[in-house]
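Novice: just to be clear, the model below is a prediction. Sequence and coordinates:
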There are 2 protein chains.
Amino acid sequence: MHFNNEELGQLEDRYRAKLINSLSGFKSANLIGTTDGKGNHNLAIVSSVFHIGANPPLVGMIMRPHTVTRDTLENILELGEYTINQVNADIWKQSHQTSARYEQLVSEFTEAGLTPEWLDGVKAPFVAESRLKYSLLLRESQTLEINGTVLVIGEINNVLVEDDVIANDGYIDIEALETVAVSGLDSYHVTNRLGRLSYAKPDKKPDVID
Amino acid sequence: MHFNNEELGQLEDRYRAKLINSLSGFKSANLIGTTDGKGNHNLAIVSSVFHIGANPPLVGMIMRPHTVTRDTLENILELGEYTINQVNADIWKQSHQTSARYEQLVSEFTEAGLTPEWLDGVKAPFVAESRLKYSLLLRESQTLEINGTVLVIGEINNVLVEDDVIANDGYIDIEALETVAVSGLDSYHVTNRLGRLSYAKPDKKPDVID
């Protein structure tokens, strides 16, 4: 099946949103924990978190300023610190529920049935039920003029993870943590490892190392 | 287990790279097809493709200008068009092999055993073995000063997909296509759907719609 440029432009809006959201491939599922500094906490699921670099440790995400994640974005810009918490198979439905359009002062933690967890020196709440989570200091935010979304870049300053899932080389077995992946706007998946592959070299085929 | 800022800074480089690359969650696996306009084709696997918006249909990716994907980035900037091809379980090893450091004029298609496929009017090659692929016109590229990586944004102008995997609402079942997900730098995974969830509303729990 072939959609050309003209045909893509003529698709009904919701149909196009679901189709286009399927194209980038599997997406990460993460909960963004923030607070407004006055005791009001926000929690929002996002599927747009991506790796930018390891040294310094930088993670980016795309936020839509006029949608349900508006409060989350404002909190990040105001407090300068936030948490990212991987969604796992025990909390996928609760996590999805955080995307409902609650009033500004309602905590999605309470409504979705997830528990705020605090670490000394970190201003934003973690999600107790998440098995791999980290806090970040805001380093950059910029509006992408091409469609008005906001690119938020943070530097990781604390990582909390179950220690029996870290391999000798530093790889974290997020499949063992039952971390979920997202496809499209609303489909959640657990994974089965095909294998880890050795560093690719021109003169040989990759070996399975796991 | 808790790594604080200081401990993260003291990790050995390769260990930190593998650890930090595990934090964003599952990543998409895509092959970027390009050409230099003189008949030399490049193919590079990237795990940093992400959705930016559906209307206009925009996809972003993070490129490292001084690494093995240098030729791919140069081709994109020069020709202004490229393809993104989802990696599936039949070609995960060949796809990984494209990350080897081949000489500039060597085609990763040939070396990895993948087949270039052409569509009238599109300057860059697709991957015949990929079951969901699309071409993009370059819309923006900017160097992120924070670490020197390059954000590349393209607008989708052609989509090629098997038509029996598109749901009535536009969702594409990329699990049925055996699209793989990546964790860390080198681990490949197929998926098992937990379910699709209905649009979240404040007054009710989400329903499984699939």
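Specialist: Good, I have the coordinates.
Novice: and the most centrally placed residue in chain A, how far from A:A181?
Specialist: Centroid-nearest residue in chain A, with CA atoms, centre = their mean: A:N30, separated by 3.2 Å. Distance check for A:N30 against A:A181: by CB to CB, to the nearest Å, it reads 11 Å. Heads up, the C-betas are built off the backbone N, CA and C, glycines and all.
Novice: what touches both of those two?
Specialist: B:G25 (CB atoms under 8 Å, 6 or more residues apart in numbering or on different chains).
Novice: returning to what we had before: residues contacting the residue nearest to the centre of chain A?
Specialist: A:N30 sits next to A:45-47, A:49, A:61, A:84-87, B:24-25 when contact means CB under 8 Å, 6+ apart.
Novice: ok, the closest residue to A:L23 other than its chain neighbours to B:V159 distance?
Specialist: Spatial nearest neighbour of A:L23, excluding adjacent residues (CB to CB, 6 or more residues apart in numbering or on different chains): B:Y134 at 6.0 Å. Remark: distance between B:Y134 and B:V159 (CB to CB) = 4 Å.
Novice: for these two, list the residues in contact with both.
Specialist: In contact with both B:Y134 and B:V159: A:L23, using CB under 8 Å, 6+ apart.
Novice: so these two - more neighbours on which side?
Specialist: Neighbour count, other CB atoms under 10 Å in any protein chain shown: between B:Y134 and B:V159, B:Y134 has more, with 26 against 22.
Novice: just checking, what packs against whatever helix or strand the more buried one lives in?
Specialist: Using DSSP states H and E, B:Y134 sits within strand B:132-143. Packing partners of strand B:132-143 (3 or more CB pairs under 8 Å, 6 or more residues apart in numbering or on different chains; DSSP states H and E): helix B:70-79, strand B:81-86, strand B:126-127, strand B:150-161.
Novice: just the buried residues of it, please?
Specialist: Residues of strand B:132-143 classed as buried: B:132-139 (neighbour count, 16 or more other CB atoms under 10 Å in any protein chain shown).
Novice: in JSON lines, list the residues you listed along with pLDDT.
Specialist: Output for the buried residues of strand B:132-143, formatted as JSON lines (pLDDT from 0 to 100):
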{"residue": "B:L132", "pLDDT": "98"}
{"residue": "B:K133", "pLDDT": "98"}
{"residue": "B:Y134", "pLDDT": "98"}
{"residue": "B:S135", "pLDDT": "98"}
{"residue": "B:L136", "pLDDT": "98"}
{"residue": "B:L137", "pLDDT": "98"}
{"residue": "B:L138", "pLDDT": "98"}
{"residue": "B:R139", "pLDDT": "98"}
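Novice: close enough to count as contact, A:L160 and B:M1?
Specialist: Yes. At 7.2 Å, A:L160 and B:M1 qualify as touching, with contact defined as CB atoms under 8 Å.
Novice: show me which of the two is the more surrounded one.
Specialist: More crowded of A:L160 and B:M1, by other CB under 10 Å: A:L160, with 19 against 11.
Novice: residues near the nearest residue to A:I91 once chain neighbours are set aside, how many?
Specialist: Spatial nearest neighbour of A:I91, excluding adjacent residues (CB to CB, 6+ apart): A:E129 at 4.9 Å. A:E129 is flanked by 18 other residues according to other CB under 10 Å.
Novice: quick one: the helices in chain A?
Specialist: Along chain A, the segments classed as helices by DSSP state H run A:5-10, A:13-21, A:70-79, A:92-97, A:108-112.
Novice: deepest of the ones you listed, which one?
Specialist: The highest mean neighbour count among those, using mean count of other CB atoms under 10 Å in any protein chain shown, belongs to helix A:92-97: a mean of 24.
Novice: that one and chain B in contact?
Specialist: Yes. Counting by CB under 8 Å from any CB of the partner chain, contacts between helix A:92-97 and chain B involve A:92-93, A:96-97.
Novice: okay, the contacts of A:N30 in JSON lines with distance to A:L73, neighbour count and pLDDT next?
Specialist: JSON lines is the format used below for the contacts of A:N30 (distance: CB to CB, whole Å; neighbours: other CB atoms under 10 Å in any protein chain shown; pLDDT from 0 to 100):
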{"residue": "A:I45", "distance to A:L73": "14", "neighbour count": "23", "pLDDT": "97"}
{"residue": "A:V46", "distance to A:L73": "10", "neighbour count": "23", "pLDDT": "97"}
{"residue": "A:S47", "distance to A:L73": "15", "neighbour count": "24", "pLDDT": "97"}
{"residue": "A:V49", "distance to A:L73": "14", "neighbour count": "23", "pLDDT": "98"}
{"residue": "A:M61", "distance to A:L73": "10", "neighbour count": "28", "pLDDT": "98"}
{"residue": "A:I84", "distance to A:L73": "14", "neighbour count": "27", "pLDDT": "98"}
{"residue": "A:N85", "distance to A:L73": "17", "neighbour count": "28", "pLDDT": "98"}
{"residue": "A:Q86", "distance to A:L73": "20", "neighbour count": "29", "pLDDT": "98"}
{"residue": "A:V87", "distance to A:L73": "19", "neighbour count": "30", "pLDDT": "98"}
{"residue": "B:S24", "distance to A:L73": "19", "neighbour count": "25", "pLDDT": "98"}
{"residue": "B:G25", "distance to A:L73": "20", "neighbour count": "26", "pLDDT": "98"}
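Novice: thanks a lot, catch you later.
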